[in-house]
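Peer 1: My questions concern the predicted model and sequence given below.
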Amino acid sequence: MKELPTVESLASAPSELLLKLWEGLGYYRRAKNLQEAAQLVLQKHQGKFPSCAAALQELPGIGPYTAGALQTICFNKPAPVVDGNIARVLARIFGIEEAGASRTFANLSYTLSRTVAEDLRLDCGTLTQSLMELGALICTPKSPRCSVCPCSSKCQAYATGRVEELPKTVKRAAITKLSRAAFIVKNRSRYLIQQRPNGEVNEGFWEFPNVALAHGGDSAVRQAAREFVHGELTQPKAIARNIHHITRYRITTHFLLLNGKVKTSGQWKTLPEIRKLPFSTSHRKILGALEKMSAEPKRKIH
Ligand code: SF4
């Protein structure tokens, strides 16, 4: 907010600055969406944020939930707002068995929101935020704190002893394990780095050259290293192994220090130069180890 405080400044920010500011927050597509949304707000809405659901959902990154949250909280307009927390609270209070976000919850949420705004003349943004907070702090998935809940006298799950049962749980997608090898190639004090192409996860971010592995075993790592260099592979050194979670993926990256001529191109940068670039989180984690290695005094050979 300090660096890009207005719609105009966000819309025209250089993408490298934007990614640098977002570095470490994950879900990098969101930073791009924010910028594209700011550009659309300028082009289509004369810089004024729209308040209707259709116009909001035309903006990149805004789906029905965010549109509803913006409508109720920023504009005090009745709208359905259903995320996992709110669905759980509503399911318990109204004794609904259905799991997950469904039309039932959207309709119920909209009716509540309209009642609050139109019949009771209260702030429907406060309703949205109260349900969010209730779900996050009191009506939690496990061991909800019903004894301090302000809704306990109206809650059907509480009245019928079905708090632990509702809502019925949806099966989560299984975790997929992936493995990658990343290569640290040094030439004097510079390291080879590459920028992720457009259209890929983490597009625009820099990282060490890396490839997907068929499996996480040592043989796959060695094979990838052999294919990465020209000629004989001399003394690859495993320097770190990093585990990173993105949505349902668990990605293990094996970092190897390589000598020799490599079969890929990129840019050669010093560690201080790399520190200034937007750099993939999992790769950034090993910069400290590389700095330490560079700082170690070379042993004298007599
Ligand atoms: S009484 Fe218990 S189950 Fe019902 S809304 Fe409150 S915390 Fe949730």
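Peer 2: Cool, the structure landed.

Peer 1: For the stretch 201-302 of the chain, give me the ranges with low pLDDT.
Peer 2: Residue ranges of the stretch 201-302 of the chain with pLDDT under 70: 233, 296-302.

Peer 1: go again using 50 as the cut-off
Peer 2: Within the stretch 201-302 of the chain, the segments meeting pLDDT under 50 span 300-302.

Peer 1: With adjacent residues omitted, what lies nearest to the residue in the stretch 151-300 of the chain that the ligand sits nearest to?
Peer 2: Ranking the residues of the stretch 151-300 of the chain by distance to the ligand (Cβ to the nearest ligand atom) places residue 155 first, at 3.1 Å. C-beta: built from backbone N, CA, C; applies to glycine. Take residue 155 and drop its neighbours on the chain: the residue closest to it by Cβ to Cβ, 6 or more residues apart in numbering is residue 93, 4.9 Å away.

Peer 1: same question, residue 26
Peer 2: In space, residue 26 is closest to residue 281, 6.8 Å off (Cβ to Cβ, 6+ apart).

Peer 1: Just the element for residue 222, please.
Peer 2: helix 218-228 (DSSP states H and E).

Peer 1: Do a quick rundown of the helices in the stretch 151-300 of the chain.
Peer 2: Taking DSSP state H, counting those that start in this stretch as the test, the helices found in the stretch 151-300 of the chain are 156-159, 218-228, 271-275, 281-284, 287-295.

Peer 1: Would you reformat those as TSV and include mean neighbour count?
Peer 2: Shown next, in TSV, are these (neighbours: other Cβ atoms under 10 Å):
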stretch	mean neighbour count
helix 156-159	18
helix 218-228	16
helix 271-275	15
helix 281-284	20
helix 287-295	13
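
Peer 1: Relative to residue 58, which of those is closest?
Peer 2: helix 281-284 (30.4 Å; Cβ to Cβ).

Peer 1: circling back to that earlier point, correct me if wrong: the residue of the stretch 151-300 of the chain closest to the ligand contacts residue 146.
Peer 2: Yes. Assessed by Cβ atoms under 8 Å, residue 155 is found in contact with residue 146 at 7.3 Å.

Peer 1: and these two? which has more neighbours close in?
Peer 2: Of the pair residue 155 and residue 146, residue 155 is the one with more neighbours under other Cβ atoms under 10 Å, namely 22 against 15.

Peer 1: What does that one show for phi and psi?
Peer 2: Per-residue torsions, residue 155: phi -90, psi 120 (degrees, to the nearest 10).

Peer 1: Residue 285 versus that one, what's the distance?
Peer 2: Counting by Cβ to Cβ, to the nearest Å, the separation of residue 155 from residue 285 is 44 Å.

Peer 1: swap in residue 9?
Peer 2: 30 Å.

Peer 1: which helices and strands sit right next to the helix or strand harbouring residue 92?
Peer 2: Residue 92 is part of helix 84-94 when elements are defined by DSSP H and E. In terms of contacts (3 or more Cβ pairs under 8 Å, 6 or more residues apart in numbering; DSSP states H and E), helix 84-94 is packed against helix 103-114, helix 124-133, helix 156-159.

Peer 1: for those, which one sits closest to residue 248?
Peer 2: Here helix 103-114 is closest among these (Cβ to Cβ), at 23.1 Å.

Peer 1: Please save the CA atoms from the closest one in PDB.
Peer 2: Backbone C-alpha positions of helix 103-114 (Å, rounded to 0.1, in the frame of the first residue of the first chain) are rendered in PDB as follows:
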ATOM      1  CA  ARG A 103     -26.800 -23.100  -4.000                       C
ATOM      2  CA  THR A 104     -28.500 -23.600  -0.700                       C
ATOM      3  CA  PHE A 105     -25.800 -21.700   1.200                       C
ATOM      4  CA  ALA A 106     -25.700 -19.000  -1.400                       C
ATOM      5  CA  ASN A 107     -29.500 -18.500  -1.300                       C
ATOM      6  CA  LEU A 108     -29.500 -18.500   2.500                       C
ATOM      7  CA  SER A 109     -26.600 -16.100   2.700                       C
ATOM      8  CA  TYR A 110     -28.300 -13.700   0.300                       C
ATOM      9  CA  THR A 111     -31.600 -13.900   2.200                       C
ATOM     10  CA  LEU A 112     -29.800 -13.100   5.500                       C
ATOM     11  CA  SER A 113     -28.000 -10.300   3.900                       C
ATOM     12  CA  ARG A 114     -31.100  -8.800   2.500                       C
END
